[in-house]
Structure formats: C-alpha cells, structure tokens
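[1] here is my input, please return the structure:
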Amino acid sequence: MKYVPYFILVIVIYVMIGHFVSAKYVIPKEAIRVRVIANSSDEYDQDVKMNVKDIVESDMYNVMTNVDSIESARDNINKNIPILSKDIDKYLKGINYNNNFDINFGYNYFPKKVYKGVEYKEGMYESLVVTLGNGEGNNWWCVLFPPICMIEAEESTDVEYTTMVKELMNKYF
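    Numbers count the residues shown, from 1 in each chain. Alright, predicted model coming up:
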C-alpha cells in the first residue's frame, strides 16, 4: 500500500507529458492547410501523389520562408500557384501521366483525421489542394501556414519520443 501514492504520481506525470507532447501538433485557428489527393489508392497513383507532394513541399518551402502573417502567406501562395502548376505539369508530362490535375486555393473540405495522436475535425478549411485525376485515392495533408510541414520536411526521420515512465507503463499494463 505504501507504493500507491508513487504509482498515482507516476500516472499523473505520464498523462501530463502526453498532453504537452501532443499539444505541439495542434493546428492554430488561423492556418492554411495543404493537401494532395491521389487519382486512386493503387500503388502507381500513390507514388505519383508522393512525388507531387515533394514538388509542393519544395515550391512552398521557398514561398513560405520568412512569412510572418496569414495575409502574406495568402499573397505568396496566390502569386506562386502558376509556378507550382508549371512544376507539377512538367513532372506529370515527364512520366506520361494520362490524368489531369487541379490546384485550388480557397476553402476546401477535409475529412476527419488523426495525426500524431491529435484528432482534427472534418470541415471546410482554408487550404491549397492539388487533386490528381479523379481525386479518389488516399491523400497527404499538412499545415502550410504556420509552416508545420516545412519544419517536418527538414527533419530527416520520424522520431518518436518516449519516456521511461511510458515504457514501464506499457510493459506492466
């Protein structure tokens, strides 16, 4: 019985750490999302989607560098959509991709998503959306402003932080 207070303390600390780590990924209310929707979920279309995602990340990284307000972000995105379109078109023609694509910057529908332990509600969000072909496949999305995607793109690998407390909890419970 004398270990019960320590056990409760460990659980409280574990919950607090989990809250602070997951809070890092909450999207602010004033944000611009980015989404690339594949033609289908087959392997080829998913590969195309990921290559287009890389183009979007690269082009938008350059556009969003040193942007400090949502108004500047909107302006930079609008000014650079023709460049993004040209780069995507060049890639798709280079692989003889037979489907069209569309770029839309405005309010677009996003389904409910759980990302890094945080649930994001479905709804209409200000966003840059690239739709490949019929747009019926799995998609990739992130936050363009503030530049969460750009920060994650700079990271070389996915790192999962853990604690000794979490490891012990997982081991014994």
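
[2] now name the helix or strand holding Cys142.
    Following DSSP states H and E, the helix or strand that holds Cys142 is strand 139-145.

[3] where does this structure have low pLDDT?
    Within the chain, the segments meeting pLDDT under 70 span 1-25, 150-173.

[4] which other residues reach the helix or strand that Pro82 is a member of?
    Pro82 is part of helix 70-94, with elements assigned from DSSP H and E. Defining contact as C-beta atoms under 8 Å, 6 or more residues apart in numbering, one finds that helix 70-94 is touched by 30-32, 48, 51-52, 55-56, 59-60, 63-64, 67, 99, 101, 103, 105, 128, 130, 144-145. All C-beta spots, glycine's among them, are computed from the backbone N, C-alpha and C.

[5] coming back round to it: neighbouring strands for the strand holding Cys142, and are they parallel or not?
    Take DSSP bridges as the rule and strand 139-145 pairs in its sheet with strand 32-37 (antiparallel).

[6] and the strand it pairs with, how far out from the chain middle?
    Centroid separation for strand 32-37 versus its chain: 8 Å, with C-alpha atoms, centre = their mean, to the nearest Å.

[7] all strands of this protein, in order?
    For the chain, the strands defined by DSSP state E cover 32-37, 101-110, 113-115, 118-120, 123-132, 139-145.
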